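In: Pasting the sequence and the predicted model now:
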Amino acid sequence: MLDVLGLTNAAATVYQVMLDHPRYSLDEIAEHCAMTPVQVHEHLDELSRLTLVRASAERPGQLRAVSPEIGLADILADQEAELAARQARLAASRAAVTRMVAERAEHRAHHGEHLEGMDAIHARLEQMGRAATTEVLSSQPGSQRPEDLDASRPADAQALGRGITMRTLYQDASRNQPHITAYAHWLLGQGSEVRTAPTVPQRIVVVDRAQALVPVDPVDTRKGALHVTEPGILTALLDLFEQAWNTAVPLGATRPEDPQTSLTPTEREILRLLGSGLTDDAAGQRLQISSRTVGRHMSSIMERLRATSRFEAGIKAAQKGWL
């Protein structure tokens, strides 16, 4: 159970015995755990590095176990800080990669082009739609403005009218936005395929697996886009899309609870995001729902787990294999 916190099973056994029998001597601990005193010493060193044992004030030269409410919470806090730092480094790397791709696109016009402004993006999408011969794939996270959808309709209609296969990914939250739902059902009526998932890749459009449009800034797609034709980048985008598509649900279908966990896909994604160190606000932004809704989902999960805190819920979810 505690291996996710960096504790070996043997050390966890020693720790549990010390909690249950705080006055046991080293030899008694060894006998109880079916270990040698030397082995117990090694595990005590491990527990000491994790600050799960401290010197006893009552029994000089001996150690006492630190309560889980303090010791394990401190370990979890340290790991959460490490995750936050790693996410910050990943975000910086993502920004650096985006800038690098943008610079390459500007200096290698025969491989790509940097488009500025929504007019240029809409014009290029129309050109790509007219040039399509087999398929158009698109991932549409977050919300879309009605005027942007209206601008996309002529190119989509023209492509579908020529028998082009279209597959579109939206977030589950889009089902609650009438203008997006209406557009998605229009696509279905034209013979397109539409699926939704709790989270989807950044906004992308791929035509004939030979050219793609991606935002320069995933946070603000109106800043501009990159028209990409490089095979390496296209392959990565296609792999990303197919992975998300295979786990998404067709529009109109319901998302059943997992029979083994009773979790909905959204609840499982919330557990994963919060477990990775995101706050309620950050998880809500990723899922396009409010932080209050995230809190309600977590309250429901905690009730099912009979947990009195999120820390306890995380431990119990890990025990049940939900994470």
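Out: That came through fine. Numbering: from 1, shown residues only.

In: From here on, just use CA atoms for contacts and neighbour counts.
Out: Noted.

In: From one end of stretch 207-217 to the other, what's the distance?
Out: Its start and end residues considered, stretch 207-217 measures 21 Å (Cα to Cα, to the nearest Å).

In: begin at 26 from here
Out: Sure, I'll start counting at 26 from here, so that last one is stretch 232-242.

In: average pLDDT for it?
Out: Mean per-residue pLDDT for stretch 232-242: 91.

In: swap in stretch 323-335?
Out: Averaged over stretch 323-335, pLDDT sits at 79.

In: go on, stretch 202-213?
Out: The model assigns stretch 202-213 a mean pLDDT of 86.

In: What residues of it count as buried?
Out: Within stretch 202-213, the residues that count as buried by 16 or more other Cα atoms under 10 Å are 204, 205, 209, 210, 212, 213.

In: What sits closest to residue 294 if chain neighbours are left out?
Out: Distances taken as Cα to Cα, 6 or more residues apart in numbering put residue 223 closest to residue 294, at 7.0 Å, once the chain neighbours are dropped.

In: how about the strands in this structure?
Out: 78-80, 88-90, 137-140, 160-165, 190-196, 218-222, 229-232, 236-240, 250-253, 274-275 (DSSP state E).

In: So what touches the second one?
Out: Applying Cα atoms under 8 Å, 6 or more residues apart in numbering, the set of residues contacting strand 88-90 from outside is 40, 43, 44, 47, 77, 78, 79, 80, 81.

In: chain center to it: distance?
Out: Distance, stretch centre to chain centre, for strand 88-90: 38 Å (Cα atoms, centre = their mean, to the nearest Å).

In: what pairs with it, and is each one parallel or antiparallel?
Out: Using DSSP bridges, strand 88-90 pairs in its sheet with strand 78-80 (antiparallel).

In: residue contacts, the residue nearest to residue 294?
Out: When contacts are counted by Cα under 8 Å, 6+ apart, residue 223 touches 196, 197, 198, 290, 291, 294, 312.

In: just curious, which of those residues is nearest to residue 346?
Out: residue 294 (13.8 Å; Cα to Cα).

In: tally of neighbours for the closest one?
Out: Counted with other Cα atoms under 10 Å, the neighbours of residue 294 add up to 19.

In: Repeat that for residue 167.
Out: Neighbour count of residue 167, defined by other Cα under 10 Å: 20.

In: unless I'm mixing things up, residue 158 is touching residue 236, no?
Out: No: applying Cα atoms under 8 Å, one finds residue 158 not in contact with residue 236, separated by 12.0 Å.

In: which of the two has more neighbours?
Out: The neighbour comparison of residue 158 against residue 236 (other Cα under 10 Å) goes to residue 236, with 20 against 15.

In: what about the residue lying closest to the more buried one once chain neighbours are set aside, how many residues close to it?
Out: The spatially closest residue to residue 236, leaving aside those adjacent along the chain, is residue 254, at 4.6 Å (Cα to Cα, 6+ apart). Residue 254: 19 surrounding residues under other Cα under 10 Å.
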